[in-house]
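1. Need a 3D model of the following:
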Amino acid sequence: MPDSIDLTQKQYIVLVQCHIVKERCPGYLCEKAFHERTGGFSQYPKDKAYRMLSMTCGGCCGRAVHRKLTQFLRTIAKKEGITKEQIVVQLSSCITNDNYHAPPCPHLDYIRTVIARIGLDVRDASVVSATSEKRRREGRYHS
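-> Down below sits the predicted model:
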């Protein structure tokens, strides 16, 4: 998943997860993927320490992402001087990918638009499940 975001300049990752999925999912596999730098986190340098915050989208339609992220930006700028250029939003696989939880979020484009208005960089996916990848190859799941 190469992109033009310079991840070496980032200090903070905000992982946004599906509110409905988080009612059941503890987030362990996303945290594991981050620490092992696998899946959607594979492009992050392994030798760089990042801080990570996990939050949900707030529920359908994801509009709470705007409130949560803008409050986070105000607080972290005031308390630590960290700017939005030092932050990247990682949309979890339960939002971006067809998987055993559900198809991709029906509000994905809207959530991306909200994040773009704030001016934050955004990346897709967290966990890349071997089972889901197999089902994509079989045509049962769509990318």
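2. only C-alpha atoms for contact and neighbour calcs from this point on.
-> Will do.
3. Let's verify the residue nearest to residue 97 when sequence neighbours are not counted: helix, strand, or coil?
-> The shortest distance from residue 97 to any residue other than its chain neighbours is 4.8 Å, reached at residue 104 (Cα to Cα, 6 or more residues apart in numbering). Using DSSP: H, G, I helix; E, B strand; the rest coil as the criterion, the local structure at residue 104 reads coil.
4. can you pull out the helices in the chain?
-> Along the chain, the segments classed as helices by DSSP state H run 19-22, 28-36, 64-80, 93-96, 108-118, 130-137.
5. Could you tell me the angle between the third one and helix 108-118?
-> Yep, that's helix 64-80 we're talking about. For helix 64-80 against helix 108-118, the angle between stretch directions is 30 degrees (axes from the mean of the first three to the mean of the last three Cα atoms, to 10 degrees).
6. what helices or strands is helix 64-80 leaning on?
-> Helix 64-80 is packed against helix 108-118, with contacts defined by 3 or more Cα pairs under 8 Å, 6 or more residues apart in numbering; DSSP states H and E.
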